[in-house]
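Engineer: attaching a predicted model along with its sequence, questions to come.
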Amino acid sequence: MKNDDFVKIYGRNPVEESLSADPSSVEKIFIRKSLKVSSYFDIRRLAKDNSIPLVLVPEEKIFSLVGDVNDQGIVALISPVQYLDYYEWAESLHINDATGVLLLQGIEDPHNFGAILRTAAAAGMDAVIVPTQHQSPITPAVMKSSAGTAGKIPIIRVHDLNQALKDLSLTGFSVHALDGKGSETIWETGINGPSAFLIGNEGKGIPDDILKKCTSVISIPMSNEVESLNASVSASVVCFEWRRRHTVQ
């Protein structure tokens with residue numbers, strides 16, 4: 001495979017976290033020659049322990065891989081994260097009342113997408129479902145924003161959001177859309193059993209025809225006349241409220 005066939009992540013922490021979480025996905029690491037060994041000691045150790053090639057290269061090579069970004073002189077080639085098929089995932093899922101997933105209407109900003117993946121993984125959600133249209137692919141910016149967690153949670157890609165809603169319902173999920181039009185807040189609403197939480201597109205939100213097909217429409221209460229939160233922040237609130245309700249005290 002050529003370098004372009006891989007996802008490229010950059011920066012010390014994202015590369016180190018990927019090496020720690022899933023070293024089998026890391027194909028090669030490029031290090032700028034001028035870096036002091038002490039600044040990437042743990043990366044070098046992890047690469048050696050897992051027999052991953054680590055190559056010292058000039059700054060021009062780093063730039064050719066990722067362009068003008070804050071790369072910190074470190075770039076790793078990562079095997080692309082594989083999207084899962086919904087039906088295969090559902091068949092292997094041991095569904096229970098604490099099963100929760102995020103369903104994205106279409107998150108187009110890669111930093112938002114990466115942050116959502118990181119939050120979903122941290123909160124212990126069972127999957128993130130994304131559409132094929134109007135959705136950021138898994139780019140280096142997504143990997144960096146997710147801090148290496150993108151491969152820790154199943155990512156399911158669907159062609160038709162309406163069909164996904166039907167499939168979730170048939171699998172036993174209730175679907176709760178997060179929208180300012182919600183008649184109940186996330187604190188008030190009763191959410192029981194396997195649940196999917198629908199997060200809208202950054203600019204367009206969730207269309208009315210989709211809202212009508214959801215089990216409920218819930219909102220996050222706002223103060224000081226703030227209209228809404230960033231999509232990734234909203235997802236964080238939902239994920240950890242779900243986690244709070246399903247954590248045994």
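Structural biologist: In hand now; what should we look at?
Engineer: for the one helix or strand residue 166 maps to, packing partners?
Structural biologist: Using DSSP states H and E, residue 166 maps to helix 161-171. Packing partners of helix 161-171 (3 or more Cβ pairs under 8 Å, 6 or more residues apart in numbering; DSSP states H and E): helix 86-92, strand 100-104, strand 127-131, strand 174-178, helix 208-211. C-beta: built from backbone N, CA, C; applies to glycine.
Engineer: at 10 Å instead, please
Structural biologist: The contact analysis (3 or more Cβ pairs under 10 Å, 6 or more residues apart in numbering; DSSP states H and E) places helix 161-171 against helix 86-92, strand 100-104, strand 127-131, strand 155-158, strand 174-178, strand 195-199, helix 208-211.
Engineer: specify the angle between the second one and helix 161-171 in degrees.
Structural biologist: Per axes from the mean of the first three to the mean of the last three Cα atoms, to 10 degrees, the angle that strand 100-104 makes with helix 161-171 is 170 degrees.
Engineer: before we move on, what about the third one?
Structural biologist: Using the same axes, to 10 degrees, the direction of strand 127-131 lies 150 degrees away from that of helix 161-171.
Engineer: now strand 127-131: how far from the chain's centre is it?
Structural biologist: Put simply, strand 127-131 sits 9 Å off its chain's centre (Cα atoms, centre = their mean, to the nearest Å).
Engineer: that strand pairs with which strands?
Structural biologist: Sheet pairing of strand 127-131 (DSSP bridges) gives strand 100-104 (parallel), strand 155-158 (parallel).
Engineer: most packed of those strands?
Structural biologist: strand 100-104 (a mean of 25; mean count of other Cβ atoms under 10 Å).
Engineer: on that earlier part again, could I get the helices and strands packed on helix 161-171 as CSV with mean pLDDT and distance to residue 40?
Structural biologist: Formatted as CSV, these follow (pLDDT from 0 to 100; distance: least, Cβ to Cβ, whole Å):
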stretch, mean pLDDT, distance to residue 40
helix 86-92, 90, 36
strand 100-104, 95, 33
strand 127-131, 94, 30
strand 155-158, 90, 29
strand 174-178, 93, 40
strand 195-199, 95, 36
helix 208-211, 90, 46
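Engineer: strands along the chain, start to end?
Structural biologist: 7-10, 26-32, 54-57, 74-78, 100-104, 127-131, 155-158, 174-178, 184-185, 195-199, 216-219 (DSSP state E).
Engineer: the worst-scoring helix or strand of the chain on mean pLDDT packs against which elements?
Structural biologist: Across the helices and strands of the chain, mean pLDDT, DSSP states H and E gives its lowest value to helix 140-145, namely a mean of 83. When contacts are defined as 3+ Cβ pairs under 10 Å, 6+ apart, helix 140-145 packs onto strand 7-10, helix 12-21, helix 59-66, strand 74-78, helix 110-123.
Engineer: how far away is the residue lying closest to residue 17 once chain neighbours are set aside from residue 142?
Structural biologist: Closest residue to residue 17 apart from its sequence neighbours, by Cβ to Cβ, 6 or more residues apart in numbering: residue 148 at 3.3 Å. For residue 148, the distance to residue 142 equals 11 Å [Cβ to Cβ, to the nearest Å].
Engineer: which residues do the two both contact?
Structural biologist: 9, 114, 118 (Cβ atoms under 10 Å, 6 or more residues apart in numbering).
Engineer: surely the second one is in contact with residue 150?
Structural biologist: Yes - judged on Cβ atoms under 10 Å, residue 114 makes contact with residue 150 at a distance of 7.0 Å.
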